[in-house]
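*Asks:* okay, sequence plus prediction incoming.
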Amino acid sequence: MTHPVRIEAPEGLPYIDITRELDAPPARVFAAHADPALVARWMGPDGLETDITEWDFVSGGRWSFRQTEPGGESYGFRGTFHTVRPDELAIQTFEFLGFPDVVSVETLRFIDLGDGRTRLETHSVYPTVAARDGMISSGMERGVTQGYARLDTILAG
């Protein structure tokens, strides 16, 4: 079952909250975030190929990936994992290399809803409201929604 994605970006505040329920227990949802081969299959909008060059999903680890469109245009992303607690929490930085010098801090919480279900809550804080608005206008909603739909398929398998 595909659950709706809730994206909230309050007027005048430099953050985005994303909430999504998944039909899998926190350990499986967390594993789909920890395994770079799985992340490459579900992260981002449909039609882009994801090449993960670094993915050390531990406290103090680093990550980097590039997404490429069928026509060849590509987009780079990188960050660090500040705190990772299995099946519970990940705090990371996120930088889109196409918008340099803007780094957000993201907190992902894997909430156990019981009955083999998880609510994933993401809180992303940006250095300015303009930077947050740039992320919103980049097509982020499409990438998040389509990516989570592919994550559903992975978790169901």
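*Replies:* Arrived safely, thanks for sending.
*Asks:* okay, CA-based contacts and neighbour counts for the rest of this
*Replies:* Noted.
*Asks:* tell me where the protein has helices.
*Replies:* Assigned by DSSP state H, the chain shows helices spanning 26-34, 36-42, 129-137, 140-156.
*Asks:* and those: which comes nearest Arg117?
*Replies:* Each of the helices of the chain has some distance to Arg117 by C-alpha to C-alpha; the shortest is helix 26-34, at 7.2 Å.
*Asks:* averaged pLDDT, that closest one. What do you get?
*Replies:* Summarised as a single mean, pLDDT over helix 26-34 is 98.
*Asks:* tell me which residues are up against it.
*Replies:* Around helix 26-34, the neighbours that count as contacts under C-alpha atoms under 8 Å, 6 or more residues apart in numbering are 22, 38-39, 57, 86-88, 110-112, 116-118, 151, 155.
*Asks:* output that helix in PDB with nothing but the alpha carbons.
*Replies:* Extracted C-alpha coordinates of helix 26-34, given in PDB (Å, rounded to 0.1, in the frame of the first residue of the first chain):
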ATOM      1  CA  PRO A  26      11.800   0.200  11.600                       C
ATOM      2  CA  ALA A  27      14.700  -2.300  11.200                       C
ATOM      3  CA  ARG A  28      13.800  -2.900   7.500                       C
ATOM      4  CA  VAL A  29      13.200   0.800   6.800                       C
ATOM      5  CA  PHE A  30      16.500   1.600   8.500                       C
ATOM      6  CA  ALA A  31      18.300  -1.100   6.500                       C
ATOM      7  CA  ALA A  32      16.900   0.400   3.200                       C
ATOM      8  CA  HIS A  33      18.600   3.700   4.300                       C
ATOM      9  CA  ALA A  34      21.800   2.000   5.400                       C
END
